[in-house]
Every structure is written in C-alpha cells, then in structure tokens.
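**Q** Structure here, sequence nowhere to be found:
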RNA sequence: ACAUCU
DNA sequence: AGATGT
Ligand SMILES: [Mg+2]
Ligand SMILES: [Mg+2]
C-alpha cells in the first residue's frame, strides 16, 4: 500500500485540506469545475492550498454578477454573425443585434463589447463588461479591429459597423472595466448562443 | 500554444 | 472536421 496522502480541494463543496480520499471525494463529486490534487505531505498540501498561484489551473475568486456579458454567434466563420449582451446576474438579454450577412466571429465579438460600452455609457453605469474573446478584448483596447476578412458586397455592412465602432472608441471615454470571462472555470458565458 | 466561432 | 485571431 502507498503511503498516506493529503488532499487539497481548492474548488469543491467545502474547500480545504483532507486526509483521506473518501473525505476529498465527498467535496468534489458532482461539483462542476472542481479543482483538487493529492500531496505526499501535509506541509506540501498546506503550501499549495495557501499559494493559490501555483495550483494546477490557478484560479481565484469568481465573477462579478453585477455586470454585462456579451457573446457572438454565427453560422459558419466567416458567415452570418450576430451578437448580444445579457445582465450576468439574471441572463436577461439587454441588447441583441439582428445580424450581419457576412462577418467573422471576432468582428462580432468586438462589436458586442463596443455596443455594451455604448449602452452602459448611456445608462450612466460603470458596471464591468465580460467577453470570452481574448482577440476582441485586445482590439477594443487598441481601438482597432485587426480583421482579415476581405471587404466585399456581403461584408460591407459589418465593415462599416466596425469602422463606426472604432471611431466611437476613439471619440469617447468610458469607466467600465472589460474582463475576460474565464470559461474554463465558470462555464460558458451567460450570453452564449448554445450552438456548441 | 492560447482564446474563440461553428 | 473547418475558420478567426494573438
Ligand atoms: Mg464568445
Ligand atoms: Mg459562445
């Protein structure tokens, strides 16, 4: 038989350090997104539990429910695209674009974030905006959508909207932080179209 | 590789 | 299995 092990549960029903697999399993079974690992000594387990930075998939805290979450949907990529924003806490849809004839996933993710900033500025709200698109968040920060989509008759509409959005970003300020939605730890963003 | 879209 | 992006 192997030597005694210690079990750290970072995310489970009750996070903590457990001395038996049975106890650990109790905290972890049926808990979506559970994070746990065994250690050969209590010292190592304690260090790992406290040093949340050196965990397998380090994660701290959760998301802010008082926020807007945006997401894009498409039928093919490139293809017809749309975006929408929801109130994270309730999943209530607060805005939705009817769709563009042809665009890319990243263009629609970008337009969704910008629309959220415009909407929240109008509401005089500084609540955060969540997006699961690292690409689109980067484009908003640079105020430049670096899409490779060729502009033709079908994509002209979205390209014009992209230019309007870039111009709006350059001409306005906002107080809303834009955060990356951590899909791996939190599941699909609340604005997701559930097509996958 | 990472983050997305089908 | 394919495309959009850093
Ligand atoms: Mg998305
Ligand atoms: Mg989605």
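**A** Structure received. In this text the structure is predicted, and so the values were computed from the model without any measurement. Ligands and ions are numbered 1, 2, ... in the order given.
**Q** and residue A:43, how many residues sit next to it?
**A** 10 (other C-beta atoms under 10 Å). (Glycine included, C-beta is placed from N, CA and C.)
**Q** Over to it: give its phi and psi.
**A** Main-chain dihedrals, residue A:43, degrees, to the nearest 10: phi -60, psi -50.
**Q** Tell me the predicted confidence for it.
**A** On pLDDT, residue A:43 comes in at 79.
**Q** Ok, residue A:196 next?
**A** Confidence score, pLDDT, at residue A:196: 76.
**Q** Next, residue A:48: phi, psi?
**A** Torsion angles, degrees, to the nearest 10, at residue A:48: phi -70, psi -40.
**Q** ok, it touching residue A:7?
**A** No - checked against C-beta atoms under 8 Å, the pair residue A:48 and residue A:7 is beyond contact range at 10.5 Å.
**Q** Compare those two and say which one has the larger neighbour count.
**A** Taking neighbours as other C-beta under 10 Å, residue A:48 and residue A:7 compare with residue A:7 leading, 22 against 18.
**Q** Which of the helices or strands spans that one?
**A** Taking DSSP states H and E as the criterion, residue A:7 maps to strand A:6-11.
**Q** the strands in chain A, which residues?
**A** A:6-11, A:16-18, A:35-39, A:68-74, A:79-87, A:92-103, A:129-131, A:178-180 (DSSP state E).
**Q** quick one: which of these is nearest ligand 1?
**A** strand A:68-74 (4.4 Å; C-beta to the ion).
**Q** Can you tell me what sits against stretch A:19-37?
**A** A:4-16, A:18, A:38, A:48, A:55-57, A:59, A:185-187 (C-beta atoms under 8 Å, 6 or more residues apart in numbering).
**Q** Now do the end-to-end distance for that stretch.
**A** Using C-alpha to C-alpha, to the nearest Å, the gap from the first to the last residue of stretch A:19-37 comes to 12 Å.
**Q** Now do that stretch, average pLDDT.
**A** Per-residue pLDDT values across stretch A:19-37 average out to 83.
**Q** which parts of chain A sit against RNA strand B?
**A** A:71-77, A:79, A:81, A:105-106, A:109, A:132-135, A:181, A:183-184, A:189, A:192-193, A:195-196 (C-beta under 7 Å from any atom of the strand).
**Q** Helices - which of the residues you listed land there?
**A** A:105-106, A:109, A:134-135, A:183-184 (DSSP state H).
**Q** Residue A:165: which of these is nearest?
**A** Residue A:165 has its nearest neighbour among those in residue A:109, at 11.6 Å by C-beta to C-beta.
**Q** wait, what's in contact with the closest residue to residue A:40 other than its chain neighbours?
**A** Setting aside the residues directly before and after it, residue A:40 is nearest to residue A:5 in space (C-beta to C-beta, 6 or more residues apart in numbering), at 6.3 Å. Residue A:5 is in contact with A:21, A:38-40, counting by C-beta under 8 Å, 6+ apart.
**Q** If we use 7 Å, what do you get?
**A** Residue A:5 is in contact with A:38-40, counting by C-beta atoms under 7 Å, 6 or more residues apart in numbering.
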